[in-house]
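*Asks:* Any chance you could fold what I've pasted below:
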Amino acid sequence: MTQNNEILNRIMGNATPAPQEVTETSSLPPTTRQAVATKEENVIPKTRIITARYKVYAGILFLVLLWGWMDFFPKIHTNYKSAGATYESIKQNIQALQNQKSAAQRDKTYLEEIESHQETLETCLNKEDTSACTSLPESWNVEYQGKTIKDFSVPLSYLQLNSLYAPKMPVDEKKVLRNLNEYLIRNGIVVQNVNVKNGDIKNITIGESSPFPESSVLFSVPLTLSLEFKGIDDLISFVHNVEKKLISVPSDRILYKIQEIGYDIIAANKPQTAEVSMIAYYYHDPRFQDVEPTIPEASSSSETSTE
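*Replies:* I've put the predicted structure just below:
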């Protein structure tokens, strides 16, 4: 009967542990069971403490990294942007310098070309020699009203620009007077000894010189002239000398620009006095202000012969 009950219990899943297994478990001495329990109780808390400690360390490390990121990243980003802007600025400066160098090289070539052709230019302008004008460089050509013509404005201005330095006065007034008398009021500007005049100077006023904008060596001085002309042709001759002629002696050259002319056109064929406002441009380098100017022999001989 007992055996049948055990079989039924196993079939129904209600079998109880074998007495031997219970006996083996319960047969352990009390001290051994306490030692095993104590060991298990001690191991589990230590593992949890170590895990918690690592979590704390990881959290602290994360906070340090986060603080460093928040503190240093804006500085790094700002420095990066500043370095990028500096780099772009340097690139632009280098490109600007390269452009200036190229422009300076072109200007140098152009000015050397002008100086090497100034005698031909003088023949072209003063003698109105067509063949001389045609032989001038093609780089001086410009398109005007559908035609290709020579532009002499820059070469003429460059060659006429000169120094008006005088040791004891703001500008060399003697040179201005000599320039007007010897060249501008003469019908024959090429032949300097010709006494034929296109007008007479009645009065001249030289104003105060002033520096040219954005230049430390270029200056301008206003001139007001009272000139008596016999007729309109003499006035045109004077204007032509100022704007279209090249003085043959380099040291006597002065660059003028006419601002205004007061002239009665109705009485054009009668003698009358015209009021002419001009500006004389010149360069002056203070580094050479103590150097006495040297007048070429050609200029001195022309003055002597004229007198």
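
*Asks:* Pull up the distance across stretch 264-280, start to finish.
*Replies:* One end of stretch 264-280 sits 25 Å from the other (C-alpha to C-alpha, to the nearest Å).

*Asks:* which of the residues in it are buried?
*Replies:* Neighbour counts over stretch 264-280 (16 or more other C-beta atoms under 10 Å) mark 272-274, 276-278, 280 as buried. All C-beta spots, glycine's among them, are computed from the backbone N, C-alpha and C.

*Asks:* Which pair in those has the greatest spatial separation?
*Replies:* Spatial extent of the buried residues of stretch 264-280 (C-beta to C-beta) is set by the pair Gln272 and Ala280 at 24.4 Å.

*Asks:* follow-up on the earlier one: if we take the buried residues of stretch 264-280, which one ends up nearest to Val64?
*Replies:* For those, the nearest to Val64 is Ala280 (77.0 Å; C-beta to C-beta).

*Asks:* Now do the same contact list for that closest one.
*Replies:* Going by C-beta atoms under 8 Å, 6 or more residues apart in numbering, Ala280 touches 164, 171, 176, 220-223, 254-256.

*Asks:* so where does the residue most central in space within the chain fall, helix or strand?
*Replies:* Nearest to the geometric centre of the chain sits Ala96, at 6.0 Å (C-alpha atoms, centre = their mean). Per DSSP states H and E: Ala96 is located in helix 30-116.

*Asks:* what is the mean pLDDT for that helix?
*Replies:* What helix 30-116 shows for mean pLDDT is 74.

*Asks:* ok so, going back, among the buried residues of stretch 264-280, which lie within strands?
*Replies:* 272-274, 276-278, 280 (DSSP state E).

*Asks:* ok so, going back, could I get the contacts of Ala280 in CSV, plus columns for secondary structure and distance to Tyr87?
*Replies:* Formatted as CSV, these follow (DSSP: H, G, I helix; E, B strand; the rest coil; distance: C-beta to C-beta, whole Å):
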residue, secondary structure, distance to Tyr87
Leu164, coil, 47
Val171, coil, 49
Val176, helix, 53
Ser220, strand, 42
Val221, strand, 47
Pro222, strand, 49
Leu223, strand, 52
Ile254, coil, 49
Leu255, strand, 45
Tyr256, strand, 49
